[in-house]
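Enquirer: please find the sequence and the predicted model below.
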Amino acid sequence: MAEAVAGGDMRPFQTAFSREFLEAYQRGSLSYTYKGVPCLKSPIDLAIYLSLLWNEKPRTILEIGSKEGGSALLFHDVAAAFELGATVVSIDLEKPANPPPGDVRFLEGDVTNLDAVFEEHGLFSLPRPWLVVEDSAHTYSACLAALEFFRRHLRPGELLVIEDGVLAELGLSEDYDGGPNRAIADFFVRWPRAFEVVTGYCDMFGTNATYNPNGYLRRSPPASSDSTPSDPERRTAGRRRPHARG
């Protein structure tokens, strides 16, 4: 199992990338396609996902944020090549206008109200273990909603990836109300033992050499402290809270 650190022991969110590198790298990532379908994934994170899928062998891959469907198609094909027998479900406010062919289930739903789509389509009964990829609006509220929902519904050892915290280093943090990094930091102030940061994935190519800094998260085993949120005032006394940069 990949190495991890307790979420409450929060690390800096700074990535391994320089601003000059990121500007060109971002242009390439936003133009990346898979089988001709926009995929919009960082190539480093694609390599991390390949390793993750082989190591973790999820039976269900849940993607929140479909766009044109390219990343869901890629997850489906890799899972099939690895013979994982995985179900791939992709959820967004609207289904792709031209969904790619294949067995991916595209559903309409809102990250801020995932209970509705999960109950309507029976998703709570999908095979375990789950891999969840949160790649929707990237706003603080959207990311925090996903963290809270999957804190309740993931089982110990299952993974949640909060994507694109790198937007802070692209100077876009304010556009997303602090975005993924602020959401992760504030969530761990409240629930310090709910998830572990999987450094084995975040740091595979260098410390936070990923578009998802501190964003590869593993659900921790239940503990007595997990049922009651921590006191933010007590936990933050004497130290700065690690908000997103930007």
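Expert: Ah, there it is. Numbering: from 1, shown residues only.
Enquirer: strands of this structure, residue ranges please.
Expert: Remark: strands of the chain, listed N- to C-terminal, are 5-6, 33-34, 37-38, 60-64, 87-92, 105-108, 130-134, 159-162, 195-197, 216-219; assignment by DSSP state E.
Enquirer: what's the least confident stretch among those strands?
Expert: When these are compared on mean pLDDT, strand 5-6 scores lowest, with a mean of 86.
Enquirer: show me what counts as buried in stretch 198-213.
Expert: Neighbour-count burial for stretch 198-213, with 16 or more other CB atoms under 10 Å as criterion, is recorded at 198-204, 208-213. C-beta here means a position set from N, CA and C on the backbone, and glycine is covered the same way.
Enquirer: and those residues as JSON lines, adding pLDDT?
Expert: As requested, the buried residues of stretch 198-213 are exported to JSON lines (pLDDT from 0 to 100):
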{"residue": "Val198", "pLDDT": "97"}
{"residue": "Thr199", "pLDDT": "97"}
{"residue": "Gly200", "pLDDT": "97"}
{"residue": "Tyr201", "pLDDT": "98"}
{"residue": "Cys202", "pLDDT": "98"}
{"residue": "Asp203", "pLDDT": "98"}
{"residue": "Met204", "pLDDT": "98"}
{"residue": "Asn208", "pLDDT": "98"}
{"residue": "Ala209", "pLDDT": "98"}
{"residue": "Thr210", "pLDDT": "98"}
{"residue": "Tyr211", "pLDDT": "98"}
{"residue": "Asn212", "pLDDT": "98"}
{"residue": "Pro213", "pLDDT": "98"}
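Enquirer: need the max-distance pair from these.
Expert: Gly200 and Tyr211 (16.8 Å; CB to CB).
Enquirer: how about the contacts made by the residue nearest to Ser136 when sequence neighbours are not counted?
Expert: In space, not counting the residues next to it along the chain, Ser136 is nearest to Gly65; the distance is 3.5 Å by CB to CB, 6 or more residues apart in numbering. Residues counted as contacts of Gly65 (CB atoms under 8 Å, 6 or more residues apart in numbering) are 90-92, 111, 133-137, 163.
Enquirer: wait, Gly69 touches Pro101, no?
Expert: No - using CB atoms under 8 Å, Gly69 and Pro101 do not qualify as a contacting pair, with a distance of 9.8 Å.
Enquirer: can you map out the helices along the chain?
Expert: Per DSSP state H, the chain has helices spanning 19-30, 43-56, 70-81, 114-120, 140-153, 179-190, 199-202, 232-236. These are given in chain order.
Enquirer: can these go into TSV with extra columns for distance to Leu172?
Expert: Formatted as TSV, the helices of the chain follow (distance: least, CB to CB, whole Å):
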stretch	distance to Leu172
helix 19-30	10
helix 43-56	18
helix 70-81	20
helix 114-120	25
helix 140-153	12
helix 179-190	7
helix 199-202	20
helix 232-236	25
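Enquirer: nearest to Ser220, out of these?
Expert: Ser220 sits nearest to helix 140-153 of all those, at 9.7 Å, using CB to CB.
Enquirer: can you list contacts of the closest one?
Expert: Contacts of helix 140-153 with the rest of the structure, by CB under 8 Å, 6+ apart, involve 64, 111-112, 114-115, 118, 124, 132, 134, 136, 160, 162, 176-180, 182-184, 186-187, 191, 194-195, 219.
Enquirer: run the last query once more with 6 Å
Expert: Helix 140-153 is touched from outside by 111-112, 114, 132, 134, 136, 160, 162, 177-178, 180, 182-183, 187, 194, with contacts defined as CB atoms under 6 Å, 6 or more residues apart in numbering.
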